[in-house]
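J.: coordinates for the following, if possible.
(chains A and B)
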Amino acid sequence: MTDKNPLSPHIQIYNWHVSSLVSISHRITSVINILILTLLCFLVWTLILGNQNYQIVYNFFNSFFGKFFIISFVWSYSFQILSEVRHWFWDLGYGFELKTSKITGVLVIIGSLVITIILYSIRGILV
Amino acid sequence: MVQINLPKNSEIKKGHYYKDKTGSKNIRKVNVYRWDPSIGGNPRIDTYEVDMDNCPSKVLDVLNKIKNEIDPSLAYRRSCAHGVCGSCAMNMNGKNGLACTKSHSEIKGEINIYPLPHLKVLKDLIGDLSILYKQYQSVEPWLKTSKKSDDTEHHQSRDDRSKLDGLYECIMCACCSTACPSYWWNGDKFLGPAVLLQAYRWIIDSRDEDRKERLKKVADELKLYRCHTIMNCTNACPKGLNPAKAIASIKKMLATS
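T.: Numbering: from 1, shown residues only, chains lettered A, B, ... in the order given. Have a look, this model is predicted:
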């Protein structure tokens, strides 16, 4: 085979379906979670350095971006957990039928949104 | 390696447009991937107007009609036309399948036909599957037994035989492997769903005495564990088999043995 032969198109033409979407989102959210957890550690660290930093952290979480940050973190974390549960069942050998995997995939997406809404609406009780 | 974009020489250009000459009122546009090694250059998409009033029901019939009546230079593999040989595997409107079992009425709008994804193209819709065949050979897909029995069969209970259901039907059309993103990015090392399903077919065969060796051979970070259960394979299989489940069964056997 020479370099002259073209490579047939792949991701450019292939259809997405629920399972492949959940799979790539699982990867993306795991990277996001690592980044956000690192950032959270950094925020806690600034608090340790002195109480004058508290105002900065407080302002950040009450800004529009801060709220967006929290909501997306809650979503990506709940998505990750639900998707991981789906993977556990797969590891045990269940849920491989096309229909089942489609339903569980949709459940992961809807479930993560529901958890996000619930956690955000009861945040006053938690904190 | 993950490479989202196509290489420069593989970018697809607009090709020829073949207008309908029959004067039919039931016309469908069929876009077909074309590349000829004797011309070289970049691949192109040719568009054919096909008279659907005089065309049988499958996508392969559409291709045959184009080749017979419009453009004889079109190249594609086909043989049995009954979903048994696996020759006419290709990508039709974003999903891999056999052209001979896929009805064109299932496709809405224009019909887009590409070769199987992420393969070196030999000509038009024919992709190079030699790497896949080498990988198939590497799992030694034949019965290994110490019993010498030239005149009698190797016996198997009904239960043991039923374990091969959903595996032996595989026709090695490569729809699953070429639908798998992990196989796109690591096709040289990852065995891919088709070959792993075949590997499992021999691992689970009660007559085979080489199970341990076979398991040991596929237990590899790249060969087996590049499968991340994306499920594109099971979604694509034109025979309704479940390669994702077969791969998971190998993983489970390795984890529990």
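J.: pLDDT on stretch B:108-124, on average?
T.: For stretch B:108-124, the mean pLDDT works out to 97.
J.: give me the below-cutoff pLDDT ranges for chain A.
T.: A:1-2, A:126-127 (pLDDT under 70).
J.: ranges for the helices of it?
T.: A:18-48, A:54-62, A:64-92, A:98-121, A:123-126 (DSSP state H).
J.: could the ones you listed be laid out in a markdown table, adding distance to chain B?
T.: Using the backbone N, CA and C atoms, a C-beta is placed for each residue, glycine as well. A markdown table is the format used below for those (distance: least, C-beta to the nearest C-beta, whole Å):
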| stretch | distance to chain B |
| --- | --- |
| helix A:18-48 | 4 |
| helix A:54-62 | 34 |
| helix A:64-92 | 5 |
| helix A:98-121 | 5 |
| helix A:123-126 | 33 |
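J.: closest to B:Ser73 out of those?
T.: Smallest distance to B:Ser73 across these (C-beta to C-beta): 34.9 Å, for helix A:18-48.
J.: wait, B:Pro243 sits on B:Asn232?
T.: No - with contact defined as C-beta atoms under 8 Å, B:Pro243 does not reach B:Asn232; the gap is 9.7 Å.
J.: any common contacting residues for the two?
T.: Common neighbours of B:Pro243 and B:Asn232 (criterion: C-beta atoms under 8 Å, 6 or more residues apart in numbering or on different chains): B:Cys176.
J.: can you list the residues of the stretch 1-150 of chain B near chain A?
T.: The interface of the stretch 1-150 of chain B toward chain A, taken as C-beta under 8 Å from any C-beta of the partner chain, is made up of B:4, B:6-7, B:9-10, B:12, B:33, B:35, B:37, B:40, B:42-43, B:91, B:93-95, B:112, B:114-122, B:127-128, B:130.
J.: among those residues, name the ones in strands.
T.: Under the assignment DSSP state E, the residues of the stretch 1-150 of chain B next to chain A contribute B:Tyr33, B:Asn91, B:Lys95, B:Asn112, B:Tyr114, B:Val121, B:Leu122, B:Gly127 to strands.
J.: and of those, the nearest to B:Ser162?
T.: B:Lys95 (30.0 Å).
J.: in the sheet, who's paired with that closest one?
T.: B:Met92 (DSSP bridges).
J.: circling back to that earlier point, any chance of a markdown table for the helices of chain A, columns mean neighbour count?
T.: Output for these, formatted as a markdown table (neighbours: other C-beta atoms under 10 Å in any protein chain shown):
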| stretch | mean neighbour count |
| --- | --- |
| helix A:18-48 | 14 |
| helix A:54-62 | 11 |
| helix A:64-92 | 16 |
| helix A:98-121 | 16 |
| helix A:123-126 | 8 |
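J.: out of these, which gets nearest to B:His155?
T.: Nearest to B:His155 among the helices of chain A is helix A:64-92 (32.2 Å), distances taken as C-beta to C-beta.
J.: so what's A:Ser23 up against?
T.: B:His228, B:Thr229, B:Ile230, B:Met231.
J.: I meant to write B:Arg226 there.
T.: B:Arg226 touches B:Ser182, B:Tyr183, B:Asn186, B:Lys189, B:Phe190, counting by C-beta under 8 Å, 6+ apart.
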